[in-house]
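Enquirer: Need the 3D shape of this:
(one chain, ligands or ions: 2)
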Amino acid sequence: MSNTDFALAVEDLTVSFDGFKAIDNLTLYIDKNELRVIIGPNGAGKTTLLDLICGKTKASGGSIKFKNEELTQLDEHIRVRRGIGRKFQTPSIYENLSVFQNLEVSYPTGRSVFGALGFKCTDEVKARVQVVAEEIGLADTLEKEAGLLSHGQKQWLEIGMLLMQDPELLMLDEPIAGMSARERELTADLLKRICKNRSVIVIEHDMEFVKQIAHKVTVMHQGKILAEGSMATVQADPKVIDVYLGH
Ligand code: ADP
Ligand code: MG
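Expert: Ligands and ions are numbered 1, 2, ... in the order given. This next block holds a predicted model:
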């Protein structure tokens, strides 16, 4: 397989903050339609890696290619347009708007949240909202004010807002933090559904959850990749047990 066949090719990526290498010469390849889980101890550089891919943080060195296009010099909003979606740890939904409106304003037509309310929504947008609402399990909740949703539903809504843009790479940072057991199960199902049409990178701590969703797991430590492979392979790796799973 040549590098051009990957959805995402990260090569020799480095970022230093005042001389401290939070990401240290890291190389990582993600396939099309792959669901990759990244685990590792606190401070390993997991969130920083997503910051570098989405463009929130600029790399000090190395390469990030998305569908074979170099991203490192592109601004964050351009990367969004290229098809990269990123969910941060804290949900950022519009609490006073309905679920429908939250999804509607996320449709990529460049409209502001205020502008969108004054417009009659087109059939195309409505149809897309319906598809996404079903995908995230909120189709029966479209008229509800987003602020009244459960914590888990708010997380799904934010994933839905990203799905409105139909990203080819979706990155989620600890999506099940604070969720109930049932919400975790539903989130696992959701992730398995959405990776059928796109690549997904998930950072997660909860090993039960990782076992449910993971095909391939990358273990990070001190800005580097410590191990990579199936859940069974990394769980049995003495290096991984030593720095992460043994604690
Ligand atoms: P993880 O998500 O794996 O817990 P992070 O990526 O948040 O780890 O952090 C990795 C390391 O980089 C930590 O030591 C953190 O303090 C440091 N770091 C992250 N972002 C910055 C920044 N903007 N400036 C300085 N140090 C940072
Ligand atoms: Mg983090």
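
Enquirer: shouldn't Ser60 be in contact with Thr14?
Expert: Yes - taking contacts as C-beta atoms under 8 Å, Ser60 lies within contact range of Thr14: 5.0 Å. Heads up, the C-betas are built off the backbone N, CA and C, glycines and all.

Enquirer: mind checking which helix or strand of this structure has the lowest mean pLDDT?
Expert: Every helix and strand of the chain was ranked by mean pLDDT, DSSP states H and E. The lowest is helix 113-118, at a mean of 51.

Enquirer: Tell me the residue of this structure that sits nearest ligand 2?
Expert: Taking C-beta to the ion, ligand 2 has its nearest neighbour within the chain at Thr47, 3.2 Å off.

Enquirer: confidence score at that residue?
Expert: You'll see Thr47 listed with a pLDDT of 96.

Enquirer: Give me the neighbour count for it.
Expert: Counted with other C-beta atoms under 10 Å, residues neighbouring Thr47 total 19.

Enquirer: How about Pro41?
Expert: 16.

Enquirer: my hunch is that it is in a helix, does that hold up?
Expert: No - in this structure, Pro41 is coil, not part of a helix, as judged by DSSP: H, G, I helix; E, B strand; the rest coil.

Enquirer: Against Gln89, how distant is it?
Expert: Distance of Pro41 to Gln89, given as C-beta to C-beta, to the nearest Å: 16 Å.

Enquirer: can you check Ile176 too?
Expert: Ile176 is 11 Å from Gln89, by C-beta to C-beta.
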